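Engineer: Structure of the sequence below:
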Amino acid sequence: MNYAKIAGIGAILWLLLVFWVRPDTSHDEWARVLLALAVLVWTPMAFRFLHYPDLYAIWVGLAGGLLTVSLFLPAGLASGTLSCGWLIVGLWSFQRGWLLLRAWRRAPENMAIGAGQAFLLIGCLWAVFDRFGWRPLGFDPAIVLLTAVHFHYAGFIFPLLVGWLQELSPGPANRLAALLAILAIPMTAVGITVMQVSGVYWPEAMAAAAVALSGWLCGFGYLRLASQKRVSVAARIAGIGLACCLFFSMTLAFGYAMRGYYPLDFLNIPSMRAWHGSVNALGVAGFGLGFRWLWSPASSG
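Structural biologist: Numbering: from 1, shown residues only. All right, here's what the predicted structure looks like:
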């Protein structure tokens, strides 16, 4: 069985999950549903484009399925144990990403593609923390879960999209977007930690500015790709959809991170989970991976 079939089965299971849970987008259960989407559908799709061996596709699907089950059980030993298989997937992804990062001088686009695969491990770790009920540094359980979701999308999918953009359309703007995407992930982790420990906002605000600028540059880059004559109508729609989602999502992220200086009442955790999280999970990941597939149908089998 290959990753396309795993992703297809995962998509059906995810739709059934949504129908069964009927989640409220402003509550934690929606974050769990978005994490399930990442592990059941988007990660297998990404692994296909990254040419991961099909030999391990069943394991990726099984580990993702077990993590999904654990997400809707009470946190504790049983739930945490079920989630540990996904940690093995993260370790495998990290190993492959590290090999690319070591070879970045030969192919600069490998920096973002390698970093995305490496950062997936962090998302896997925080998913396991959430399922065991652990709270590193005293973080609220909602933040632990959202960190896991964040690193599956902003940490894994987004750097891949930026790296593929630089691969398809080399240039200084796309190179800057890739560099910022790589730097912004650890900057965000440091910024949130500093804010949690000391209440100081500026590191998180700087990280959000880097993320937002990277996302805006990436959006413009995909608009340029989508405007090329050789692009199919479907790919053009996906490229434009991706750019619009990036502009919206990254602007919200920047506004939320600036709350310590310019607070906006409507930008709180429930609204960010509902809007920023949903647009990233459904729009950025969906349109982005869809564009990758439509751009090079030969590579999708």
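Engineer: rest of the way, CA atoms for contacts and neighbours
Structural biologist: Noted.
Engineer: The stretch 201-301 of the chain: strands as residue ranges?
Structural biologist: Using DSSP state E, counting those that start in this stretch, the stretch 201-301 of the chain contains no strands.
Engineer: Any stretches of it with poor pLDDT?
Structural biologist: The stretch 201-301 of the chain contains residues with pLDDT under 70 at 259-260, 296-301.
Engineer: any idea which residue of this protein is furthest from its center?
Structural biologist: For the chain, the residue at maximal distance from the C-alpha centroid (Cα atoms, centre = their mean) is Lys229, at 29.6 Å.
Engineer: And it, its phi and psi?
Structural biologist: In terms of degrees, to the nearest 10, the main-chain angles of Lys229 are phi -70, psi -30.
Engineer: how about the helices in this structure?
Structural biologist: Assigned by DSSP state H, the helices in the chain fall at 3-21, 28-37, 43-49, 57-71, 77-102, 110-132, 141-152, 158-168, 172-198, 202-226, 233-257, 269-272, 278, 285-295.
Engineer: Looking at those, which one is packed in the most?
Structural biologist: Each of these was assessed for mean neighbour count using mean count of other Cα atoms under 10 Å. The highest is helix 110-132, with a mean of 27.
Engineer: tell me the angle of that helix relative to helix 172-198?
Structural biologist: Helix 110-132 and helix 172-198 are oriented at 30 degrees to each other (axes from the mean of the first three to the mean of the last three Cα atoms, to 10 degrees).
Engineer: what helices or strands is helix 110-132 leaning on?
Structural biologist: Where contact means 3 or more Cα pairs under 8 Å, 6 or more residues apart in numbering; DSSP states H and E, helix 110-132 is packed against helix 77-102, helix 141-152, helix 158-168, helix 172-198.
Engineer: Now do the contacts for the most centrally placed residue in the chain.
Structural biologist: With distances taken as Cα atoms, centre = their mean, Tyr153 lies nearest the centre of the chain, 0.9 Å away. By Cα atoms under 8 Å, 6 or more residues apart in numbering, Tyr153 lies in contact with Ala38, Asn280, Ala281, Ala285.
Engineer: ok, now how distant is it from Ala184?
Structural biologist: Separation of Tyr153 from Ala184 (Cα to Cα, to the nearest Å) stands at 13 Å.
Engineer: ditto for His27
Structural biologist: Plainly put, His27 is 27 Å away from Ala184 if you go by Cα to Cα.
Engineer: Nearest residue to Trp295 in space, ignoring adjacent ones along the chain?
Structural biologist: Among residues not flanking Trp295 along the chain, Ala235 sits closest, at 6.3 Å (Cα to Cα, 6 or more residues apart in numbering).
Engineer: about what we covered before: would you reformat the helices and strands packed on helix 110-132 as JSON lines and include mean pLDDT and distance to Gln117?
Structural biologist: What follows is the helices and strands packed on helix 110-132, written out as JSON lines (pLDDT from 0 to 100; distance: least, Cα to Cα, whole Å):
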{"stretch": "helix 77-102", "mean pLDDT": "92", "distance to Gln117": "5"}
{"stretch": "helix 141-152", "mean pLDDT": "91", "distance to Gln117": "10"}
{"stretch": "helix 158-168", "mean pLDDT": "92", "distance to Gln117": "8"}
{"stretch": "helix 172-198", "mean pLDDT": "82", "distance to Gln117": "11"}
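Engineer: Indicate which one of those is closest to Ala210.
Structural biologist: The closest of the helices and strands packed on helix 110-132 to Ala210 is helix 172-198. By Cα to Cα, the value is 5.6 Å.
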